[in-house]
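# Here's my sequence, what's the structure:
(one chain, ligands or ions: 1)
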Amino acid sequence: MEMQNLVGKVAVVTGASSGIGEATARLLVSEGVHVVLVARRQERIVQLARELGERAMPVVTDITDPGQVATLFNRVKDRHGGLDLLFNNAGFGMFSSFADSQPEDWRGMVETNLIGLLSCTQAAIPLMKGRRGAMIASVSSTGGRYGVAGWSVYCATKYAVVGFHETLRKELGADGIRVSVIEPGAVWTEFGHGLAPEALRERRQNLQALSPNDVAQALVYAFAQHPRVLVQEILVRPVLQVDP
Ligand code: NDP
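This is a model prediction of the structure:
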């Protein structure tokens, strides 16, 4: 299959300390990409960078803090001069019925899954202009396409990611910047705050949930297409997950 050579490209991966982000960072580095690892848990990303070698650089960042986001992208500019891939992956969900949910949980999800993603995207755009085949790819969810009882605010943030991308694609297309969204179904990660661990494990077992690397491969597939090709949206789910 014909794919672009990714050696020497520069990527920022948010949420690189676990799950999908960690797997994506590993896969990108194995393809020769320089990867900036972003998360709050310093020890995780420092350890991962040690393991991945000189192509990986950890930058501890809370994406909900605009000052930290500005520092992150200044460091990317100083170190690499530009950026080819922003993988907006950091996010989380707090699950409960809406009637029982707490406003601070709503705020946490909106600030991380949406406003943090917007801040990273806005800071990244100037670094991507003029870079052939540049791409902004963000993780939404099957919950960004279908409502799920108990996930109301999480779904609202993930629907918002899809809506934002549909517009951003139109604003950045003329600059040759590709804007893509990935909507995973159930994946084996640390994700699932507020859900009973045993029930979550059983659900994932029953569905034969995806591995984080399955999602990473979807991202690399999209990124490695010819620069004229936009893989606009990827919904990737376990075969057994027929609903939602
Ligand atoms: P994990 O919990 O394993 O990873 C979430 C990552 O986000 C961690 O690296 C965490 O790092 C990072 N993160 C959270 N908040 C912040 C913040 N404020 N600033 C910086 N980093 C942050 O779960 P997943 O890998 O599953 O989640 C990745 C994405 O996939 C999320 O957007 C999630 O909504 C989405 N998703 C997951 C599905 C699943 O079934 N697992 C299904 C559909 C979508 P740290 O805590 O160190 O800051």
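
# for the helix or strand containing K77, the distance to its chain's centre please.
Taking DSSP states H and E as the criterion, K77 maps to helix 66-80. Mean C-alpha position of helix 66-80 versus that of the full chain (C-alpha atoms, centre = their mean, to the nearest Å) differs by 18 Å.

# right, is stretch 129-147 up against the ligand?
Yes: between stretch 129-147 and the ligand, judged by C-beta under 6 Å from any ligand atom, the touching residues are 139, 141. The way it works is simple: take the backbone N, C-alpha and C, and place the C-beta from them, glycine included.

# Count the neighbours of G19 for me.
Other residues within reach of G19, judged by other C-beta atoms under 10 Å, total 21.

# Name the nearest residue to it, sequence neighbours excluded.
What sits nearest to G19 in space, not counting adjacent residues and going by C-beta to C-beta, 6 or more residues apart in numbering, is T189, at 3.1 Å.

# Looking at this protein, which helix is longest?
With secondary structure taken from DSSP state H, the chain has its longest helix at helix 152-172.

# name the helices or strands packed onto that helix?
Using 3 or more C-beta pairs under 8 Å, 6 or more residues apart in numbering; DSSP states H and E, the elements in contact with helix 152-172 are helix 103-109, helix 117-128, strand 135-139, strand 178-184.

# quick one: strands adjacent to the third one?
I take that to be strand 135-139. Using DSSP bridges, the strands paired with strand 135-139 are strand 85-88 (parallel), strand 178-184 (parallel).

# what sits up against the following helix or strand past the longest one?
Past strand 178-184, further along toward the C-terminus, the next helix or strand under DSSP H and E is helix 197-207. Outside of helix 197-207, the residues that reach it under the criterion C-beta atoms under 8 Å, 6 or more residues apart in numbering are 185-186, 188, 192, 209, 238, 240-241.

# Write down the beta-bridge partners of S138, one by one.
N88, V181.

# ok, how many other residues are close to it?
Taking other C-beta under 10 Å as the criterion, the count of residues near S138 is 27.

# shouldn't A56 be in contact with V35?
Yes: A56 is in contact with V35 according to C-beta atoms under 8 Å; the separation is 5.2 Å.

# Spit out the residues that contact those two alike.
Common contact partners of A56 and V35 (C-beta under 8 Å, 6+ apart): 25, 29.

# Is the nearest residue to R79 once chain neighbours are set aside within a helix or a strand, and which one?
Spatial nearest neighbour of R79, excluding adjacent residues (C-beta to C-beta, 6+ apart): M57 at 6.5 Å. Counting by DSSP H and E, the element that carries M57 is strand 56-60.

# In its sheet, which strands sit next to that strand, and in what direction?
Using DSSP bridges, strand 56-60 pairs in its sheet with strand 34-39 (parallel).

# In contact with H193, which residues?
92-95.

# List the buried residues in the longest helix of the chain.
Neighbour-count burial for helix 152-172 flags 152-162, 164-165, 168-169, 172 (criterion: 16 or more other C-beta atoms under 10 Å).

# ok, now stretch 229-239?
230-231, 233-234, 236-238.

# And stretch 106-121, by the same measure?
Across stretch 106-121, burial judged by 16+ other C-beta under 10 Å covers 106, 108-121.

# residues contacting the residue nearest to R79?
Shown in contact with M57 (C-beta under 8 Å, 6+ apart): 34-37, 49, 75, 79.

# What confidence value was assigned to the residue nearest the centre of the chain?
With distances taken as C-alpha atoms, centre = their mean, N89 lies nearest the centre of the chain, 1.6 Å away. On pLDDT, N89 comes in at 98.

# give me every residue that touches it.
Per C-beta under 8 Å, 6+ apart, neighbours of N89: 13-16, 20-21, 24, 138-139.
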